[in-house]
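# The following block contains a protein sequence and its predicted model.
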4 protein chains.
Amino acid sequence: MSDERCRLRDLGLKVGTLETGKLNSITDVPGVKVGHYTIIEGEGKLQPGKGPIRTGVTVILPHEGNVYREKVRASSFVLNGYGKTIGLVQVNELGYIESLIGLTNTLNIPIVADALIDYHLKDNPDIGISTSSIGVVVGECNDGYLNDLQGRHVKKEHVFKAIKAASVNVEEGCVGAGTGMTAFRLKAGIGTSSRKIPTTDSEYIVGVLVLSNFGHKKEFTILGKKYYEESAEDTDEHQEKKEDGSIIIIVTTNAPLDSRQLNRLAKRAPMGLSRTGSYASYGSGDIIIVFSTENKINHDMKDDAYQITTLNESTKLFNSLLKAVVEATEEAILNSLFSSKTMKGRDDRIIEAISIEKIKEMFEVV
Amino acid sequence: MSDERCRLRDLGLKVGTLETGKLNSITDVPGVKVGHYTIIEGEGKLQPGKGPIRTGVTVILPHEGNVYREKVRASSFVLNGYGKTIGLVQVNELGYIESLIGLTNTLNIPIVADALIDYHLKDNPDIGISTSSIGVVVGECNDGYLNDLQGRHVKKEHVFKAIKAASVNVEEGCVGAGTGMTAFRLKAGIGTSSRKIPTTDSEYIVGVLVLSNFGHKKEFTILGKKYYEESAEDTDEHQEKKEDGSIIIIVTTNAPLDSRQLNRLAKRAPMGLSRTGSYASYGSGDIIIVFSTENKINHDMKDDAYQITTLNESTKLFNSLLKAVVEATEEAILNSLFSSKTMKGRDDRIIEAISIEKIKEMFEVV
Amino acid sequence: MSDERCRLRDLGLKVGTLETGKLNSITDVPGVKVGHYTIIEGEGKLQPGKGPIRTGVTVILPHEGNVYREKVRASSFVLNGYGKTIGLVQVNELGYIESLIGLTNTLNIPIVADALIDYHLKDNPDIGISTSSIGVVVGECNDGYLNDLQGRHVKKEHVFKAIKAASVNVEEGCVGAGTGMTAFRLKAGIGTSSRKIPTTDSEYIVGVLVLSNFGHKKEFTILGKKYYEESAEDTDEHQEKKEDGSIIIIVTTNAPLDSRQLNRLAKRAPMGLSRTGSYASYGSGDIIIVFSTENKINHDMKDDAYQITTLNESTKLFNSLLKAVVEATEEAILNSLFSSKTMKGRDDRIIEAISIEKIKEMFEVV
Amino acid sequence: MSDERCRLRDLGLKVGTLETGKLNSITDVPGVKVGHYTIIEGEGKLQPGKGPIRTGVTVILPHEGNVYREKVRASSFVLNGYGKTIGLVQVNELGYIESLIGLTNTLNIPIVADALIDYHLKDNPDIGISTSSIGVVVGECNDGYLNDLQGRHVKKEHVFKAIKAASVNVEEGCVGAGTGMTAFRLKAGIGTSSRKIPTTDSEYIVGVLVLSNFGHKKEFTILGKKYYEESAEDTDEHQEKKEDGSIIIIVTTNAPLDSRQLNRLAKRAPMGLSRTGSYASYGSGDIIIVFSTENKINHDMKDDAYQITTLNESTKLFNSLLKAVVEATEEAILNSLFSSKTMKGRDDRIIEAISIEKIKEMFEVV
């Protein structure tokens, strides 16, 4: 069995009916970039605080400019809140995100948050001196099955490197925050997908990026078919001992939506998640963060009021945006699995990659 | 093509892996009963306020006693709030339901609510005189494609008749509130299902009842397979003119859950809904109401504090409850379609029943 | 002791520092009107279903046009949800109100809601036929201490009369929905107030209308001073037997705010409520509904997107709007008390009016 | 003018009618302890990253045991979410807190959170290895008017020292996280208060601790009276340039409340806050965190279900708990001001202490 990896569509398979963007990636939304920093060090027995290390950090840039100065409208939805995500209180109140978005392992949230503060202070030296403070957003999943979680091995410089590496070409699988993640007892991590919605004179893009680390073996479903035989045992140590896992779903669009409308989009991501077999188990941190790149909010604007263009919600267009979130979420999750390779981590634990051969058989791909 | 109806499992098909309760019905939860009153009158051109009538009312009895005196712990979740459901403000604050639960058409909410007040006043003549007032719960979907919605043809006496007719044998399909409903451009209405979760010394039941009236034709999915050919046109008058539809999902269990825990269950129902092809379109009223029949709250208790048994959430048992909600919701929706017959309504509009023949072919049922 | 009534400012007293609008009324917001219908019938012993009647209905018209066709942006906040308000599910999802707003007694919610449906169907005969359905908004307090609550004496025609009577001159005190209400064991009911916030080239108005029916005797506070002596007993039958009471607070402004911003305003109303001595007791239905008359949403618009003017939240102007809500809420509540006369209701129960003489003494008004 | 400090009750003044606990402190709730670490270093011109430093950290211990192993039931409420508090997603989902609660300055949230992770890992070496991860809770206010906020001068060892210093004797004023805080343009910081509610056979305590850093000069109100003359100017640099400020309110009780009930308590804290003159301005992070020390949740419990004692909400007792929150919040805020001394900070900015002399005059204290 070769360990060659691919994306869902490389096999001629697809999710749903809407067309993808050019790259089938969150970065199809103009201006959005993604950067990773991956740490794979050591082997063998877990030495808490030392290794083995199978972790990393992923950074999403909402646009190419100064995000503190040009905030993006945003909202979030918590499907299951067994999670440590930082920043949502402010996102929900003010309806915007004013920082890069970080993803990492559960216990690394503080260090990554502190690094993002550093990053934004550098470009905005007036923060906390002559202007307001900054709220950063960082999400996480628990990679402790393969990784020395207690070690908090993601350091500030790794975050800066991830930012520097940011690009429209999003690497998927066992990279960045996804390095040590597992879904349905298969190796998972970062996945992305997008959808295109034609408008009268242009098009809207919905892009999704997931950090996948959830799901029970028996439930895994690809395009309506179960991956495992029904008789598959589900009682191994992994399932017994590890937390139920989580998923962070980042959704973005260039459609001109306000915070309430973005919240409606956020609530659709679980519907895509569900189709892969998740039921959002009690120990999941299933968090959805959504932002629009349109109608940015200028930090320094002094006007009492200003003009914006806003979407008419009661059109088929808005329905298409909702549907796009469902489709792109499902596909991004599948891509996170298809792109991940078998990994050996702490205590010589091995998480196998999904078998592309088996997928080909299941769907009679030639 | 025969118009004989059946349930999903009559064809040897099933959703998920958990076992159903005895009746595979919401009434497998001990004490729960359901009653319908169906109104089908008139034919031909719509005469607003007169007919044709294709509507009704469904009543869920949380237990056999006086629900005002013995309230049931409850919560709700709004997936998409384009709906007129009454009563949720109080349910969410107090964590209980103190009335029967009514389901009807969109504009009939007030009359059904008023009837439920009548009903409870009769058994509790002290309401609003020497004790507090009462909060009733009524949900709705819009049956205006087939029914004279403006007519509000469900009257108080119909509600009383539905209560009187309540039984553990739940009729499904085009009955009660489900009479005029449509899902995925197929005739739908009432459906139910249940799941059984063994405990150390007994078992918990999760029961679901749905009022189905949602979904776009192209999206309809049965056990992972699309019902329509991909080339199926979706541009007929029905899709153009009708509202996007809605679904009311009633979930109940005899597991001893408090309001916060029930809310966690509520958030899983959309994951079952999703698997049938819904993406919860912008005009949906997708409302989930959940209650537990355990740990009833005595209206007249004067003690400062009291003992209850509460579930340990961090067990596999709680996960099974979550999974049960997903599975039973999906199956209840499919049952609502499988049980519904072709109906002709206002303006001679016809909504076809799902073809059981086609299902048999799709799944090679012999 | 004369029973002459007045408003707070007639005594030279005032709340806060912002200026009021011209009428110091919710109707200072251009286009807003309020209508009442009051029912006072019968005396003596309560005969459930017959009388005595001390109740009514109040209707707020968000603007003078067809509110279904020109919806107003809106939000709500539930401080304490022991209440039966209908319509908030949709308001919070869609961010607008599309009907007149009704206020009445607790058990009359359904009849008033049904009447509002009638009213809007008449002007919009396409509802539920060729366009979507309608969501109406009705709030309530429990006037059962003085009124035959079970009788649900507000009928549809009373609602229509209240609508017809709507005017910019808002009668306060024991009128409309306020007829039988009680606050701090004093007669209360309808009260209103407004605040004016100058902008660069114009002004914004914040208007508040309350239906007051809450509060414990000992807590009542006017402009920082307790109304009752500390030794005042609080153990009479009234306090023992009646529900804790409620308050519905309607806030409106002509500032161009979206639903999220209006929600921020909604959360400030309890801060004004608090200053009168409320702590929002467990049995309160303390509901705040907020709408803006700007940026109305056209029901029939087909454009994909459209331009609106929106307020820049990070200005002092927005702070002034928040402060205006606090001040106008406190003053509206005081006006509801100052304007109400002593009333005898069911079972010859008497609720005294606040003593204007005593207020004059407390504040050395000459 | 002497700079001697005192508490509200030292002047014979009091808030409300309920009795205080023995210490009139959050630590009247059995088991609760509070520790501070204060950093005051440097003078003169701000050198970002270096000083002057006027900041610190405060830690609340929910009980004396291992809080990860014995979690406390909890909830939170966000009055205004312009804040960076970490941990609330999980608190609201699971209904418990499993860590010490930290308070610090806005940009120090990550370092304090990381220190709390260290602390709990030490006592629970299985976290992230053979048991689940940990969610820590840290709140903040912005002390950047006096402090070098960018410097993030609170280091891990300061957090450990604050924990070590924890005691039932809570120092108030310019200590710990309160060191550099300002309220109503007066020096503020940490304040605490409590209330006692007699039960049939014992008593419940409600304790509140605040980190005060909010409010506009003109609004400041003590026991119903304005502190400043109405003519007081409010246009100095401080008001122009600084953020609107925030308040973190920690509420705790030994009453056996579940998460939903605790949320009802949380919503009352703003009502106490309001009485000091706050209207929760747009730039506030006004966050309320509530926990109960009863019915702790054992991390390692394997039982499917267990017995707990729960409060009967529909009693006067619950009302007293609500009232206690309002009263103790108001008094804790006043104590935070009364206990704080004049402080000179960055750029030689001076924030005066409240004048106890003036208070004595206002209230004719002899």
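Yes, it's here. Residues are numbered from 1 along each chain as shown, chains lettered A, B, ... in the order given.
# Spatially, and excluding backbone neighbours, which residue is closest to the residue in the stretch 101-250 of chain A that chain C sits nearest to.
Relative to chain C, the nearest point of the stretch 101-250 of chain A is residue A:199 (5.5 Å; Cβ to the nearest Cβ). Glycine gets a C-beta too; all of them are placed from N, C-alpha and C. Of all residues not flanking residue A:199 in the chain, residue C:304 sits nearest, at 5.5 Å (Cβ to Cβ, 6 or more residues apart in numbering or on different chains).
# what's the answer for residue A:244, then?
Excluding its sequence neighbours, the residue lying closest to residue A:244 (Cβ to Cβ, 6+ apart) is residue A:283, at 3.4 Å.
# So for the one you found, what's the pLDDT?
Per-residue pLDDT puts residue A:283 at 93.
# ok, now residue A:199?
Predicted confidence (pLDDT) for residue A:199: 92.
# burial count for it?
Close neighbours of residue A:199, defined as other Cβ atoms under 10 Å in any protein chain shown, add up to 14.
# before we move on, the earlier item: wait, isn't the residue of the stretch 101-250 of chain A closest to chain C in contact with residue A:317?
Yes: judged on Cβ atoms under 8 Å, residue A:199 makes contact with residue A:317 at a distance of 6.4 Å.
# list the residues that contact both of those two?
Taking Cβ atoms under 8 Å, 6 or more residues apart in numbering or on different chains as the contact rule, residue A:199 and residue A:317 both touch residue C:304.
# Show me what residue A:245 bridges to in the sheet.
Beta-bridge pairing for residue A:245 (DSSP bridges): residue A:214.
# okay, now it: neighbour count?
Using other Cβ under 10 Å as the criterion, residue A:245 is surrounded by 27 other residues.
# try residue A:61
Residues near residue A:61, counting by other Cβ under 10 Å, number 18.
# so it makes contact with residue A:27?
No: with contact defined as Cβ under 8 Å, residue A:61 does not reach residue A:27; the gap is 9.4 Å.
# Give the residues shared as contacts by the two.
By the contact definition Cβ under 8 Å, 6+ apart, residue A:61 and residue A:27 are jointly contacted by A:33-34.
# Enumerate the residues of chain A near chain B.
Within chain A, the positions near chain B by Cβ under 8 Å from any Cβ of the partner chain are A:17, A:79-80, A:218-219, A:221, A:223-225, A:230, A:244, A:264, A:267-268, A:270-275, A:278-283, A:313-314, A:318-319, A:322-323, A:325-326.
# Strands - which of those residues land there?
Mapping those onto strands (DSSP state E) picks out A:79-80, A:221, A:225.
# Quick one, which of those are buried?
A:79-80, A:221 (16 or more other Cβ atoms under 10 Å in any protein chain shown).
# From residue A:116, how far off is residue A:69?
Distance, residue A:69 to residue A:116, using Cβ to Cβ, to the nearest Å: 15 Å.
# out of the two, which sits in the busier spot?
Using other Cβ under 10 Å, the more surrounded residue of residue A:69 and residue A:116 is residue A:116, with 27 against 16.
# and that one, what element?
Element membership for residue A:116, per DSSP states H and E: helix A:109-123.
# Figure out how far the helix or strand just after that helix is from the centre of its chain.
The helix or strand immediately downstream of helix A:109-123 is strand A:137-141, counting by DSSP H and E. Distance of strand A:137-141 from its chain centroid, counting by Cα atoms, centre = their mean, to the nearest Å, is 9 Å.
# Say whether chain D is contacted by strand A:137-141.
No: judged by Cβ under 8 Å from any Cβ, strand A:137-141 stays clear of chain D, getting no closer than 8.7 Å.
# pLDDT score for the residue nearest to residue A:199?
91.
# Can you give me every residue that contacts it?
Taking Cβ under 8 Å, 6+ apart as the criterion, residue C:304 is in contact with A:199-200, A:311-312, A:315, A:317.
# Just the residues contacting stretch A:117-132, thanks.
By Cβ under 8 Å, 6+ apart, the residues outside stretch A:117-132 that reach it are A:66-69, A:99-100, A:133-134, A:136, A:156, A:159-160, A:163, A:299, D:46, D:48, D:106-107, D:110, D:142, D:144, D:149-150, D:152, D:241, D:243, D:283.
# Apologies, that question was intended for stretch A:292-299.
Contacts with stretch A:292-299, where a contact means Cβ under 8 Å, 6+ apart, come from A:29-32, A:62-63, A:68-74, A:96, A:98, A:131, A:252-258, A:262, A:308-310.
# Could you find the closest non-adjacent residue to residue A:30?
Counting by Cβ to Cβ, 6+ apart, residue A:254 is the residue found nearest to residue A:30 once chain neighbours are left out, at 6.0 Å.
# Roughly how far does residue A:197 sit from chain B?
As judged by Cβ to the nearest Cβ, to the nearest Å, residue A:197 and chain B stand 13 Å apart.
# so where do the helices sit in chain A?
Listed in chain order, the helices of chain A (DSSP state H) span A:88-94, A:109-123, A:156-164, A:237-241, A:259-266, A:269-274, A:316-338, A:356-362.
# Go through those and name the closest to residue C:180.
With Cβ to Cβ, the closest approach to residue C:180 among the helices of chain A belongs to helix A:259-266: 36.9 Å.
# returning to what we had before: starting at the chain centroid, how far to the helix holding residue A:116?
A distance of 19 Å separates the centroid of the chain from that of helix A:109-123, by Cα atoms, centre = their mean.
# again with stretch A:212-220
On the basis of Cα atoms, centre = their mean, stretch A:212-220 sits 16 Å off its chain's mean C-alpha point.
# Run through who's touching it.
Here stretch A:212-220 makes contact (Cβ under 8 Å, 6+ apart) with A:141-143, A:178, A:181-186, A:188-191, A:226-228, A:230, A:232, A:234, A:239, A:244-247, A:276-281, A:284, A:286, A:333, A:336-337, B:17, B:323.
# in stretch A:195-203, what counts as buried?
By neighbour count on 16+ other Cβ under 10 Å, the buried set for stretch A:195-203 is A:195-197.
# Now do the contacts for the residue of chain A found nearest chain B.
Closest residue of chain A to chain B, Cβ to the nearest Cβ: residue A:224 (2.2 Å). Residue A:224 makes contacts with A:275, B:221, B:223-225, as judged by Cβ under 8 Å, 6+ apart.
# can you do 10 Å?
By Cβ atoms under 10 Å, 6 or more residues apart in numbering or on different chains, the contact set of residue A:224 is A:275, B:221-226, B:275.
# Tabulate those residues in JSON lines, adding columns for pLDDT.
Converted to JSON lines, the contacts of residue A:224 look like this (pLDDT from 0 to 100):
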{"residue": "A:275", "pLDDT": "98"}
{"residue": "B:221", "pLDDT": "97"}
{"residue": "B:222", "pLDDT": "98"}
{"residue": "B:223", "pLDDT": "97"}
{"residue": "B:224", "pLDDT": "96"}
{"residue": "B:225", "pLDDT": "96"}
{"residue": "B:226", "pLDDT": "96"}
{"residue": "B:275", "pLDDT": "98"}
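# Could you pull up the contacting residues of the residue lying closest to residue A:280 once chain neighbours are set aside?
Once flanking residues are discounted, residue A:280 sits nearest to residue A:80: 4.6 Å by Cβ to Cβ, 6+ apart. Applying Cβ under 10 Å, 6+ apart to residue A:80 gives the contacts A:214, A:244, A:246-247, A:270, A:278-287, B:264, B:267-268, B:322, D:89-90, D:93-94.
# Great, nothing more from me.
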